[in-house]
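**Student:** The amino acid sequence is not available; the structure is as follows:
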């Protein structure tokens with residue numbers, strides 16, 4: 001079975017591959033969108049990243065426009081929105097599809113571990129230090145959710 005580090009994806013605007021920086025880290029992978037009712041999750045995700053990054057934890061956002069066209073922006077617009085409104089400093093990948101024939105290989109792999117299409121924006125996957133998917137969380141699971149926090153603590 002594959003691990004996260006077997007894949008690659010550029011950051012917003014075509015910057016270098018984000019995946020090598022996840023080696024030996026606990027990763028929370030989240031498909032994100034700027035114009036969604038769940039967009040305020042960015043605030044909690046940034047707080048988690050700030051609090052836990054020194055323990056080798058990272059959030060990686062994967063912008064996706066497949067749900068209600070809620071991420072229509074360009075790479076620059078997405079980056080500006082995230083930084084200006086939520087102070088996002090965790091890595092944001094290039095915009096991708098997470099479902100269907102054109103879904104990114106990372107999301108095909110995530111869905112092999114926990115089958116089923118992505119339901120909506122801000123669905124979350126927890127990946128351990130060895131690059132293996134250990135848990136999937138529905139979109140409404142907030143970054144402050146006690147179960148999610150407990151799982152992250154256990155993985156750290």
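**Tutor:** Yep, it's here. This structure is a prediction, so every number in the text was calculated from the model and none was measured.

**Student:** Distance from the chain centre to the helix or strand encompassing residue 29, please.
**Tutor:** According to DSSP states H and E, residue 29 maps onto strand 26-32. The chain centre lies 2 Å from the centre of strand 26-32; the measure is C-alpha atoms, centre = their mean, to the nearest Å.

**Student:** what angle separates the helix or strand just after that strand from strand 26-32?
**Tutor:** As assigned by DSSP H and E, the chain's next helix or strand after strand 26-32 is helix 41-52. Orientation of helix 41-52 against strand 26-32 (axes from the mean of the first three to the mean of the last three C-alpha atoms, to 10 degrees) gives an angle of 170 degrees.

**Student:** Report the rounded mean pLDDT for helix 41-52.
**Tutor:** For helix 41-52, mean pLDDT rounds to 98.

**Student:** Repeat that for stretch 4-24.
**Tutor:** pLDDT averaged over stretch 4-24 gives 93.

**Student:** That stretch spans what distance, first to last residue?
**Tutor:** 11 Å (C-alpha to C-alpha, to the nearest Å).

**Student:** re earlier: each with direction, which strands does the strand holding residue 29 pair with?
**Tutor:** strand 57-63 (parallel), strand 124-127 (antiparallel) (DSSP bridges).

**Student:** Tell me which of the ones you listed lies nearest to residue 107.
**Tutor:** Taking C-beta to C-beta, strand 57-63 is the member of these nearest to residue 107, at 7.5 Å. Yep, even glycine has a C-beta here, placed from its N, CA and C like the rest.

**Student:** Residues contacting that closest one, please?
**Tutor:** Contacts of strand 57-63 with the rest of the structure, by C-beta atoms under 8 Å, 6 or more residues apart in numbering, involve 9, 12, 18, 21-22, 25-34, 42, 45-46, 48-49, 71, 78, 82, 88, 90-96, 98, 104, 106-107, 152, 156.
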